[in-house]
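1. With the input below, show me the fold.
(one chain, ligands or ions: 1)
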Amino acid sequence: MNRYLPLVIVSLAILSFATLLLVIIPGMQIAKSGASPGLKPYTVAEARGRAVYVSMGCLYCHSQQPRDEAQAPDGERGWGRASVSGDYAYDTPHQLGTMRTGPDLMNIGDRLPSQGWQLTHLYQPRAIASWSIMPAYPYLFAHKAKADPGDVVVKLPPAYAPKTGVIVAKQDALDLVSYLQGMKHDYAPPTDGLRDDGYELMAAQQHNNDAAKASK
Ligand code: HEC
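-> The predicted model follows:
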């Protein structure tokens, strides 16, 4: 094996082509598209809550990318419209996720806006749904003999409530819930929104083929 040069040239060519296609061109397309006009920047509490979301690894079970109806019935599931790149303009690092062990959370603020519901669910998902396999996050809460002024007390069914005292939300839990409540991407997407419409093109082609056949 002594013909290194062709090997190096071919390898570099393949690597450069892949980098161009998967990194440089998408990067240029996204840089042009900017934030969706309806998207609000995060408030301070939401931004802190987002950091908690990232650090807790919620991403390992929850996606933030409702898909087009041609790809998945996410709209019927109530997860919202298909997202576009501009919906993530303020997200670094983004939390798109690939696993859907739990529901997509891109529009959880529309679906379940109640702070009380979210706090109970984070403290103990089984207090809401006995079959839930989501982990509990008890360390985001404190057990106190009695609530101080300003404390947000978590409502719990008797099976999960402490024998004495109350469970109150720590700042991290309150911030995380602010973030979840703010997850509303229900505004109309920009018409030039960047998204993968490969499936739509395929569906349109199929439609045309069917129409051509029918007219024969
Ligand atoms: C091991 C997987 C797993 C992890 C990690 C996880 N979840 Fe879940 N989550 C689930 C499952 C399964 C459900 C559906 C059952 C339920 O509602 O508890 C769910 C449901 C939810 C719901 C209700 C969604 C709806 O539409 O009903 C919210 C909100 C939520 N999770 C937030 C979070 C947050 C915030 C974190 C991180 C702190 C997190 N989850 C971490 C699995 C997970």
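
2. What are the boundaries of the helices in the protein?
-> Ranges of helices in the chain, per DSSP state H, are 4-19, 25-33, 44-56, 108-111, 115-123, 171-182, 198-215.

3. tell me the residue furthest from the middle of this structure?
-> Distance to the chain centre peaks in the chain at N2, reaching 50.5 Å (criterion: C-alpha atoms, centre = their mean).

4. Pick the most deeply packed of the helices of the chain.
-> helix 171-182 (a mean of 22; mean count of other C-beta atoms under 10 Å). C-beta coordinates here come from the backbone N, C-alpha and C atoms, glycine included.

5. Which elements pack onto that one?
-> Packing contacts for helix 171-182, counted by 3 or more C-beta pairs under 8 Å, 6 or more residues apart in numbering; DSSP states H and E, involve helix 44-56, helix 108-111, helix 115-123.

6. So which bits of the protein are right by the ligand?
-> 53, 56-58, 60-62, 101-103, 105, 108, 111-112, 125, 129, 132-135, 137, 176, 180 (C-beta under 6 Å from any ligand atom).

7. now with 8 Å?
-> 52-53, 56-58, 60-62, 78-79, 99, 101-105, 108, 111-112, 118, 121-122, 125-126, 128-129, 131-135, 137, 140, 176, 180 (C-beta under 8 Å from any ligand atom).

8. count of residues packed around the closest residue to E76 other than its chain neighbours?
-> In this structure, E76 finds its nearest non-sequential neighbour in E69, 7.8 Å apart by C-beta to C-beta, 6 or more residues apart in numbering. E69 has 15 neighbouring residues, counting by other C-beta atoms under 10 Å.

9. again with S132
-> 14.

10. Likewise for the one 3 residues further on?
-> Taking other C-beta under 10 Å as the criterion, the count of residues near P135 is 13.

11. show me what contacts it?
-> P125 (C-beta atoms under 8 Å, 6 or more residues apart in numbering).
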